[in-house]
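Student: here is my input, please return the structure:
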Amino acid sequence: MPMNNYFPGSFRLLSSLVLGAALLPAIANAQVTAKSTTYITEASLHCDELDVSVETYCEPNERLDGACFLQKVKLRQSGTDKFSEKLYLYEDYLKDRSLITQLACVKGKGDKGKEDKGRNKIVLSSTNLGNCKSCEWDDYFSETGVFLGSSREKFGATNFKPKALPGNFLQKHGFVLDDNGRFTEIEKVSVKRIQREGK
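Tutor: Numbers count the residues shown, from 1 in each chain. Next up is the predicted model:
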């Protein structure tokens, strides 16, 4: 006679529930272990009244310095304490290496066209030393942390819509350029993706 006939259906159901409950901690522990491999690097910059930080979320990868799938950009005005957060999601991150690699505070002009310390801007850049010129891009933010526009076309997904750049974009928004058409950098910080020792 089959063993199941010795036990009423309710008992078999209870046994299944008990077994399932016993396995839940093991399943939860496995999920925690899998997620614990994710590490975060952070870079920060102070530009006049604006504090900017970039958090990069990565996983160890044998072939890459770090397989990074998310970056959070946090902008806070020290005067008003106004805060905003921008998300950059890299769904195909094993191939898409166009992460934010540096943030810079650059000189800006005031309303009357004069250089003004309080008008300095933020530029977030993705650079790869020329290995893929089309993968490089810049995102531009005002002195108050407002997103102005991006040269990014297809790389990364964000929680805000990129704005097309008109030909006079940099002049229109008061970016101070040198004779070679480059930004006048006040301070620049590199965004690392490699996990530090002991972290």
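
Student: ok so residue 62 is a helix residue?
Tutor: No - per DSSP: H, G, I helix; E, B strand; the rest coil, residue 62 lies outside any helix segment and is coil.

Student: what about it, neighbour count?
Tutor: Residue 62 has 5 neighbours, counted by other C-beta atoms under 10 Å. Glycine gets a C-beta too; all of them are placed from N, C-alpha and C.

Student: repeat for the one 4 residues further on
Tutor: For residue 66, the count of nearby residues is 19 (other C-beta under 10 Å).

Student: where does the prediction get shaky in the chain?
Tutor: Scanning the chain for pLDDT under 70 picks out 1-36, 64-65, 93, 95-97, 110-118, 129-134, 153-164, 195-199.

Student: can you pull the domain assignment for it?
Tutor: Structural domains assigned to the chain are 3-35, 39-190, following automatic domain parsing.

Student: which stretches in the chain count as strands?
Tutor: Remark: strands assigned in the chain by DSSP state E are 39-47, 50-59, 67-77, 83-89, 102-106, 121-126, 137-141, 147-150, 157-158, 185-190.

Student: dump those strands into TSV; add distance to residue 174 as well.
Tutor: Converted to TSV, the strands of the chain look like this (distance: least, C-beta to C-beta, whole Å):
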stretch	distance to residue 174
strand 39-47	14
strand 50-59	15
strand 67-77	18
strand 83-89	20
strand 102-106	10
strand 121-126	7
strand 137-141	11
strand 147-150	10
strand 157-158	24
strand 185-190	14
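
Student: looking at these, which is closest to residue 168?
Tutor: Minimum separation from residue 168 across the strands of the chain (C-beta to C-beta) falls at strand 147-150, 11.7 Å.

Student: show me what the closest one is packed up against.
Tutor: strand 137-141 (3 or more C-beta pairs under 8 Å, 6 or more residues apart in numbering; DSSP states H and E).

Student: counting contacts, what elements does the strand it packs on pack onto?
Tutor: If you count contacts as 3+ C-beta pairs under 8 Å, 6+ apart, strand 137-141 packs onto strand 121-126, strand 147-150.

Student: those strands: which one's closest to residue 191?
Tutor: strand 121-126 (8.6 Å).

Student: next, the angle strand 39-47 makes with the closest one.
Tutor: Interaxial angle of strand 121-126 relative to strand 39-47 (axes from the mean of the first three to the mean of the last three C-alpha atoms, to 10 degrees): 150 degrees.

Student: now for strand 121-126, which elements pack on it?
Tutor: Other helices and strands packing on strand 121-126, by 3+ C-beta pairs under 8 Å, 6+ apart, are strand 39-47, strand 50-59, strand 102-106, strand 137-141.

Student: about what we covered before: take the helices and strands packed on strand 137-141 and write them to TSV, including distance to residue 109.
Tutor: Output for the helices and strands packed on strand 137-141, formatted as TSV (distance: least, C-beta to C-beta, whole Å):
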stretch	distance to residue 109
strand 121-126	10
strand 147-150	14
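
Student: thank you kindly, that will do.
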